Structures are given as C-alpha cells and as structure tokens.
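Asker: next one to model:
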Amino acid sequence: MTDDELKALVANLAVSQDRTDKELQSLFAKMAVAQDRTDAQLAKADARQEKADARQKKADARQEKADARQKKADARQEKADARQKKADARQEKADARQKKADARQEKIDARQEKIDARQEKADARQKKIDAQQAKNDAQLAKTIAQMERTNNKIDRLAEMYGGVSNNLGSVAEEFYYNSFKANPVLAGKRFLVNKNITRCSDGLEDEFDLLLVNGKEVFVVEVKHKAHKNDLNRLLNKKAHNFRQLFPEYGHLEQRLALAAFHFSDDLKKSALKQGVTVLQRKGDVVETLVA
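Answerer: Numbering: from 1, shown residues only. The predicted structure follows:
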C-alpha cells in the first residue's frame, strides 16, 4: 500500500470515526433523553408506589383494626354463644319444670273437681242435716220443756232424799262415836275420841268426823253410811293433807287413816287395806276392825 492509499485510508477512518462519534453523541443524547424520561417515569412510579404503599399501610392498619374488632366480635360471639347455650339449658330445665308443674296442676285440677263434687254432695247432705236439725231443735225445745218439768220433780225428790241421806250419815256417825265412847279401843290401843271437829286456818277449812288420839298415834276417821271409792280417795288425797295443815299440834304423832261405814264392797275393802287405810265395818251391834 502506498502512502497516498494509506493517507486516504486514514482519512476515511477519520471521517468514519467522526461519523461514529457523532452517531455515538446522538445516541448518547437520545439515551440521556430516554434515561431522563425513564427517571421521570421511575420517579412518578416511585411516587405512585409510595402512595400505594401508604395506602396499603393504611389499608393494613385498617385491616389490623378490622381483624382486632373481628377478634373481639368473635370473642363476644363466643361468650354470647356460651350464654345462649346456658340460657337454652336453663330454658330446657324451665320447660321441664313447667311440664311437671302443668302435670301437677292437672292433678290438682282433677282433685279439685273431685273435691268440688264431694263439696256439692256435702252441701246437699248439710242441707238435709239442717232440715233435720230444725226438726231436732223443735223436738229439743219440747224435750227441754219436759226436762224442766222433770227437773222440778227431781229437785223435790232430791230434797227429800238429801234429808234421808244426811240422816243416815248422822246415824252412822252416832253409832261409831257411841261405840268408841263405850270402848275406846282401836287396833288393841286405847284412844281419846272426838267427833265433828272443824278447823279453819289461812283460808283452808275442813271437818273431820272422828279423831282418835293417844300419846303415840292419831286416827283420822271418815264415816259414811255406805262407803264408795270417792270416799277413800278423798280421805287419802284431801283429808290426810288438810289434817296435817290444820292440826300441827299433832305433827309429832303417827298419823293413821280409817274409813268407817255400814256397807263396804269387797273390792273397796281390799283397796283401802292395800293403801294403808284401816276399815271399820258394823257387824250387828259391834264394830269389826280390819287393820291395815
């Protein structure tokens, strides 16, 4: 290659290099413009992304709050479900109790119906009873009138009998008093005899038919024409007590009790002797003594 050719080649290369440089400069310029557009777009994209991130962050925060509220709502719902379950259980129990109560009420109603029916029958019976009572009252009035007339008759008879009874009692007292005056011996011991002794002290008053006293004993003697169980009980429960209260001067003596009568039943004699009461019974014109 000649120098001219070499120079021409170098000149061509220089021209090519200039074109290339210009093209590169133009390309770089275009790339810079494109890069600027890209950077602007990226900046806008970044801004949009930041806004989107901010919105997402807010959305996440709202979602967290929503989740928290949902969690609380779920917890409340669970509690509500538990309460509802308990309420349902209570309702079931209440329904069961109501069912039993209804059954009891039905039984009560049935019993009440029976009671009402019995009451109606009772009312009907009462009505009959009232009618009968009215008849009975009328009859009773007649009976009372008749009884009053009868009572008047009985009162007159009682006056007559009372006189007879008192006379018989006096006869018995006189018999035993006279017997002991003639022979003042009882149970093998001699006594002083007093009759119809009455004493009153501190509102207490009593009368004793016969008192037989010696230095060691005092006999309280109750005298009857015909002795009865009430006479024995009165001697044991009343006369003995009253004598101790009314005659303290005899407190140092042994107190003995005796029941005297013209007539005794065998059972009464046995009862008296069993309880420590001496029995005095008339036998002809003498006194038979059964010492307790």
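
Asker: so N242 sits against D206, correct?
Answerer: Yes: if you go by Cβ atoms under 8 Å, N242 and D206 touch, sitting 4.2 Å apart. C-betas here are computed from N, CA, C, even on glycine.

Asker: name the helices or strands packed onto the host helix or strand of L24?
Answerer: Taking DSSP states H and E as the criterion, L24 maps to helix 3-182. Packing contacts for helix 3-182, counted by 3 or more Cβ pairs under 8 Å, 6 or more residues apart in numbering; DSSP states H and E, involve strand 192-201, strand 204-213, strand 217-226, strand 254-263, strand 286-290.

Asker: pLDDT below threshold where in the stretch 151-292 of the chain?
Answerer: Along the stretch 151-292 of the chain, the parts satisfying pLDDT under 70 run over 151-169, 285-286, 292.

Asker: now with 80?
Answerer: Along the stretch 151-292 of the chain, segments meeting pLDDT under 80 span 151-169, 283-292.

Asker: circling back: looking at the helices and strands packed on helix 3-182, spot the one closest to L232.
Answerer: strand 254-263 (6.0 Å; Cβ to Cβ).

Asker: could you point out which element follows the helix holding L24?
Answerer: strand 185-186.

Asker: out of the helices and strands packed on helix 3-182, which comes closest to L280?
Answerer: strand 254-263 (3.7 Å).

Asker: what angle do strand 217-226 and that closest one make with each other?
Answerer: Orientation check (axes from the mean of the first three to the mean of the last three Cα atoms, to 10 degrees): strand 254-263 against strand 217-226 gives 20 degrees.

Asker: paired strands for strand 254-263, with orientation please.
Answerer: Partners of strand 254-263 in the sheet, by DSSP bridges, are strand 217-226 (parallel), strand 277-283 (parallel).

Asker: comparing those, which comes out most buried?
Answerer: Comparing the strands paired with strand 254-263 by mean neighbour count (mean count of other Cβ atoms under 10 Å), strand 217-226 comes out on top with a mean of 21.

Asker: what's the burial count for the nearest residue to K226 once chain neighbours are set aside?
Answerer: Nearest-residue entry for K226: H263, 4.2 Å, with adjacent residues in sequence omitted and distances by Cβ to Cβ, 6 or more residues apart in numbering. Counted with other Cβ atoms under 10 Å, the neighbours of H263 add up to 13.

Asker: would CSV of the strands paired with strand 254-263 with distance to L24 be doable?
Answerer: Converted to CSV, the strands paired with strand 254-263 look like this (distance: least, Cβ to Cβ, whole Å):
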stretch, distance to L24
strand 217-226, 171
strand 277-283, 169
